[in-house]
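A.B. asks: predicted model follows, preceded by the sequence.
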Amino acid sequence: MEGDYIIAIPDNNQLLITGSEDTRGLTALYQMLAEAQNLLQSLPPVLIEKDESGWRRYAPPLLHPLNPLLRQLETAYLSDIYGSQKALLLSSMDVESLPILDYEKRESEDTVHTWTVIPQVQHALVPETDYVKFVSYSDGHGPDDGHGGAMNTLASATFERVKEVMGDNLVDVDQYPVRYLMRAYPTPAELSAIGQLW
């Protein structure tokens, strides 16, 4: 085996192991994860790495040809799971009092990013994504209420930056896939600290 242990668990019946420096092995793991997505009991298509500090999620180096392929596989899986989770939550709670925000996936030729857009609401359930955008609407309403006001970006950043600034105002509600309870919309000072990506 070349490199650190890399493990994939496509479903309840398979455990796959290769090395982080084994290109053929990594390619085989990716192919088996992709094929398993057609099974009824497929598991999250992620790779796990074992190194001297323990277990952690593994992603090939940014320029490795498998990186965007694995990312597409993972975000497609999560998009379906977040959609199912939202449908269940919508059927079991009052969304007027607690909006459930969307997990959005955006793809370009060589990369995949996930987003959530947070309108000016008192509190909400927020999916864990790569990036977060805080917005307001020119008519004071949201995009799904039939008013359709122009959207103004107040702040945008990585999810990690948003968690850093908002601190205890974002609470992990211990669900899979991961969602956070936003207890209150960021203050002007917090929005300024979050900043804008572009």
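C.D. replies: Looks like it arrived, so ask away.
A.B. asks: any idea how far the spatially most central residue of the chain is from residue 194?
C.D. replies: The residue lying closest to the centre of the chain (Cα atoms, centre = their mean) is residue 129, at 3.3 Å. Here the distance between residue 129 and residue 194 works out to 14 Å (Cβ to Cβ, to the nearest Å). (Each C-beta comes from the backbone N, C-alpha and C, glycine too.)
A.B. asks: how's the protein carved up into domains?
C.D. replies: 5-58, 79-194 (automatic domain parsing).
A.B. asks: tabulate those (TSV), appending distance to residue 69.
C.D. replies: Converted to TSV, the domains of the chain look like this (distance: least, Cβ to Cβ, whole Å):
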stretch	distance to residue 69
domain 5-58	6
domain 79-194	10
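A.B. asks: which residues in the chain form helices?
C.D. replies: With helices called from DSSP state H, the chain shows them at 23-36, 66-92, 159-166, 188-194.
A.B. asks: show me the shaky parts of the protein.
C.D. replies: 94-96, 109-110, 139-148, 198 (pLDDT under 70).
A.B. asks: figure out how far stretch 176-189 is from the centre of its chain.
C.D. replies: Averaging C-alpha positions (Cα atoms, centre = their mean, to the nearest Å) puts stretch 176-189 14 Å from its chain's average.
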